[in-house]
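A.B. asks: pasting the structure only:
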């Protein structure tokens, strides 16, 4: 079903490439299962799609750029949570591995999810495979896939940054859903995102109480102990979200230190189905789109 939806969305992109609203609406219907009301949106996903269709904020572009966002984080007095930056490159040919440490992460600056190469030991790095992934990402623009306009004009580059070594076997990714500068929900993700069967994703409320909500295909662990630095993580997330009606702030917390991940304005491209559907509308109540106008 996932493959079929991908094919349908590709066909829709071809047919409606010059009609943004029509394409966004049909992509939503194909993925979520009902026709969205973009003029008077109610659910969270509808409001994300409303942003894509009718709203523009140049700060989104800066904060969606994985290199430029570092300046935004610094402007909030949070430079200490940034990972070490080892290099910025316009092509894979510019990467000098001799100047990089034994472990690091390579990622493209204009994409999300794709274009990430985690190197735990560069002696074992398959450069050919890594370059293939990075070059594929450099040649693709998320705007063409789903009209996520904040990615359209970002200059495609590669950054090499610090590898965050997890305390245990998995790196925990805390994704804070912030509305009007306040954390309302967080979901904890870990595992291999490209493999649904081994990717865990659990939703929690602002007090880290487990919420019975799932994303299709992902495993659920259930209630976990409240992270030791949860209050500090929340404060960082809220500080980074003050300028926006909604933003998802992704953070890591390992070795008693908080690390910045990224800022996400259109989670799941606005077509990420929640189970149950009612949660989509419940979270939609928190997103005041009047502030976008």
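C.D. replies: Now that the structure is in, tell me what you want to look at. The structure presented is a predicted model; accordingly, all values stated were derived computationally and were not measured.

A.B. asks: Low-confidence bits of the stretch 101-250 of the chain, can you list those?
C.D. replies: Confidence mapping of the stretch 101-250 of the chain against pLDDT under 70 gives the ranges 113, 192-198, 217.

A.B. asks: what's the neighbour count on residue 37?
C.D. replies: Using other CB atoms under 10 Å, residue 37 has 13 other residues around it. The way it works is simple: take the backbone N, C-alpha and C, and place the C-beta from them, glycine included.

A.B. asks: Which residue, other than its chain neighbours, is closest to it?
C.D. replies: Distances taken as CB to CB, 6 or more residues apart in numbering place residue 46 nearest to residue 37, at 6.3 Å, with adjacent residues excluded.

A.B. asks: Would you agree residue 191 is in contact with residue 199?
C.D. replies: Yes: counting by CB atoms under 8 Å, residue 191 touches residue 199, with 4.1 Å between them.

A.B. asks: Would you agree the residue nearest to residue 37 is in contact with residue 35?
C.D. replies: No: using CB under 8 Å, residue 46 is not in contact with residue 35, being 10.2 Å away.

A.B. asks: These two: which is more packed in?
C.D. replies: Neighbours were counted for residue 46 and for residue 35 using other CB under 10 Å; residue 46 has more, 24 against 10.

A.B. asks: How many residues are close by residue 210?
C.D. replies: Residue 210: 15 neighbours (other CB under 10 Å).

A.B. asks: Leaving out chain neighbours, which residue sits closest to it?
C.D. replies: residue 223 (4.0 Å).

A.B. asks: sec struct for the one you found, please.
C.D. replies: coil (DSSP: H, G, I helix; E, B strand; the rest coil).

A.B. asks: Count the neighbours of it for me.
C.D. replies: 11.

A.B. asks: how far away is it from residue 202?
C.D. replies: 8 Å (CB to CB, to the nearest Å).

A.B. asks: and for those two, which residues touch both?
C.D. replies: Among the neighbours of residue 223, those also in contact with residue 202 (CB atoms under 8 Å, 6 or more residues apart in numbering) are residue 210.

A.B. asks: about what we covered before: please identify every residue contacting each of residue 191 and residue 199.
C.D. replies: Joint contacts of residue 191 and residue 199 (CB under 8 Å, 6+ apart) are residue 219.

A.B. asks: just the strands in the stretch 101-250 of the chain please.
C.D. replies: Secondary structure of the stretch 101-250 of the chain (DSSP state E, counting those that start in this stretch): strands located at 104-108, 116-119, 158-161, 173-179, 182-191, 199-205, 210-211, 214-215, 246-254.

A.B. asks: Let's have the ones you listed in CSV, adding distance to residue 40.
C.D. replies: As requested, the strands of the stretch 101-250 of the chain are exported to CSV (distance: least, CB to CB, whole Å):
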stretch, distance to residue 40
strand 104-108, 36
strand 116-119, 37
strand 158-161, 40
strand 173-179, 19
strand 182-191, 22
strand 199-205, 26
strand 210-211, 27
strand 214-215, 26
strand 246-254, 17
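
A.B. asks: List of residues touching stretch 116-133?
C.D. replies: With contact meaning CB under 8 Å, 6+ apart, stretch 116-133 is reached by 92, 97, 100-108, 114-115, 134, 163.

A.B. asks: Please list only the buried members of those residues.
C.D. replies: In the contacts of stretch 116-133, burial by neighbour count holds for 92, 100, 104-108, 115, 134, 163, counting by 16 or more other CB atoms under 10 Å.

A.B. asks: For residue 205, list the residues it contacts.
C.D. replies: By CB under 8 Å, 6+ apart, the contact list for residue 205 reads 184-186, 211.

A.B. asks: Which strand residues bridge it?
C.D. replies: residue 185 (DSSP bridges).
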